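Trainee: here is the input, now give the coordinates:
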Amino acid sequence: MGNFKFDLDLCKKLLAEFTGTAMLMTLGCTIAQFTNSASAVSLGWGFSYATAMHTFAFLSGAHLNPWVSVCATIVGVMEWQLMLCYFCCQFIGAIAGFGLAYAAFPENSGDICLTLVASGVDEWKVIFIELFLSGFLFFAFCAIWDKRSNAAYDSLSLRIGFIFAGLTFAGQAYCGCSLNFARTLAPAIIQMKFDGIWTYLVGQLVAAVLVPVLWRFVIQAEEPDKMLEEK
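Mentor: The predicted model follows:
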């Protein structure tokens, strides 16, 4: 079991992941629903990530994304038991956050916050788009966790927020640019629309394994501190 134990500190981390993911979904989906501007949607998601991460990073690291937790486990930042706990809180938080936004939208608002494959775009292309763009995001997290860039943690929220905004701008026209399966799954469950959802799962999963493996065995110089060891 290592350093993993169920205590008050763990409860605070899990509550932070739940609340942060819910905040992300509520803010991001609300902004995306009421604008048709690609730049506004991209910045909206970027600022939503920045807001949630700035609020909760000191408690849980503010992963807000199951694949980020997978990356953290592979590079050695967290233990697999904690990863599974994060998974549950992130998915439940995404459903709760989107549910709050969905309840506030007017009736007949159409498809809300769904990540859909654009017309004329093959599903295999979506897999590669999500793989590459997710990979760029995961490289950013791996770099922040690396001991050689300790100072980067002070600006974590802004770094990830702007990176996510840029990646969203690059990929949203093709597939909505999810980069976060909790963000894709929550709207799909509530609206019962699962078209093409497997493409996001496959692309993001491959990136979430390949990037941290490459980082740990090729780029990483020394083992990072585990989350539960931090004081």
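
Trainee: nearest residue to the middle of the protein?
Mentor: residue 65 (3.0 Å; Cα atoms, centre = their mean).

Trainee: confidence score at the residue nearest to it when sequence neighbours are not counted?
Mentor: Leaving aside its sequence neighbours, residue 65 sits nearest to residue 180 (Cβ to Cβ, 6 or more residues apart in numbering; 4.3 Å). Every residue, glycine included, has its C-beta placed from N, CA and C. Residue 180 is assigned a predicted lDDT (pLDDT) of 95.

Trainee: over to residue 230?
Mentor: Looking at residue 230, the pLDDT reads 47.

Trainee: need the helices for this structure, in chain order.
Mentor: 8-33, 38-60, 66-75, 80-104, 123-145, 156-175, 181-191, 197-214 (DSSP state H).

Trainee: looking at the ones you listed, spot the one closest to residue 114.
Mentor: helix 181-191 (5.1 Å; Cβ to Cβ).

Trainee: what's the closest one packed up against?
Mentor: Counting contacts by 3 or more Cβ pairs under 8 Å, 6 or more residues apart in numbering; DSSP states H and E, helix 181-191 packs against helix 8-33, helix 66-75, helix 80-104, helix 197-214.

Trainee: which one, of those, ends up nearest to residue 144?
Mentor: helix 66-75 (10.4 Å).

Trainee: quick one: distance of that closest one to the chain centre.
Mentor: Mean-position distance between helix 66-75 and its chain equals 11 Å (Cα atoms, centre = their mean, to the nearest Å).

Trainee: shaky segments in the chain?
Mentor: Applying pLDDT under 70 to the chain flags the ranges 1-4, 108-109, 151-153, 228-231.

Trainee: change it to 80
Mentor: 1-6, 106-110, 149-154, 221-231 (pLDDT under 80).
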